Structure formats: structure tokens, C-alpha cells
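Novice: my questions concern the predicted model and sequence given below.
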Amino acid sequence: MGKKTRIAGIVLHVLIGALMIFAGSGKVLGSAPPEIVEKLTAFGFADKIRLIGAGEMISAILLIIPRTMSLGVLLTSGFWGGVICIHMAHNEEIIMGSVMLILTWVAAFLRDKRQFASFLPSDG
């Protein structure tokens, strides 16, 4: 992998992380758009909005930091998977969550292909 490929992965993860930090901070601070609060309340998460936001922010921070990227990819994947499942359960579009999940993994591969070590041919 070249330096440009790695930088592209980092940029993607920073953009994903920034989006998640922005959205998560709104939930934690109680300044999320009313539509989001209404939707989460309708889904039965009224008392968990701050917890969801905190988890979203922690996952994003771990995703961006190089040393914790593996854990960040795992937690962020779980977050996007949850988004997809909740939207599926309520017959809503899953495109955004699916795209974000795919971009998370593409960026992980671009940053460090060792994320996929079990799929790569062994040296010995």
C-alpha cells in the first residue's frame, strides 16, 4: 500500500469520525435536531439518547486514533449495524447506514490492510 492510499483511508476515517462526533455530541448535549429526538423516542430510545450519543462519540474517537483504530472499526461497525437494524425494523431506508459501514471498512483497509489479515495469504 502506498502513502497516498493510507492518507485516503485516514481522510475517510476522519470524515466519518467527525460526522459521528458531531451527531453524538448533539445527543449528549441535548441539542440534537428535534426530528432525530422524535425518531429515537418513537423507536423506544427516549431514555437512552445521551448513552447512544456517548457511544457514538467514543467509537468515532477510537476510529480516528491510529493506535485504537482496530477497536474503533469494531465499535463503529457495531454502531452502523445497529442503525441498519433499527431502520430495517421500522421499514425505513438503510442506504445511509450501509454506505457508512462500507466506507468504514474500505477506509480501514486503505489505512492498514492488517485489518483483514485473516483474509490475506500467509507468508509461510
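Specialist: That came through fine.
Novice: just the buried positions in stretch 11-26, please.
Specialist: L12, H13, I16, G17, M20, I21, A23, G24, S25, G26 (16 or more other Cβ atoms under 10 Å). C-betas here are computed from N, CA, C, even on glycine.
Novice: next one: stretch 102-118
Specialist: Result for stretch 102-118 [16+ other Cβ under 10 Å]: buried residues T104, A107, A108, F109, L110, R111, D112, Q115.
Novice: contacts for the helix or strand of the chain with the lowest mean pLDDT next, please.
Specialist: In the chain, the helix or strand scored least confidently by mean pLDDT, DSSP states H and E is helix 34-42, which has a mean of 94. Residues outside helix 34-42 that contact it (Cβ atoms under 8 Å, 6 or more residues apart in numbering): A23, G26, K27, A46, K48, I49, I52.
Novice: I61: which of those residues is nearest?
Specialist: A23 (13.3 Å; Cβ to Cβ).
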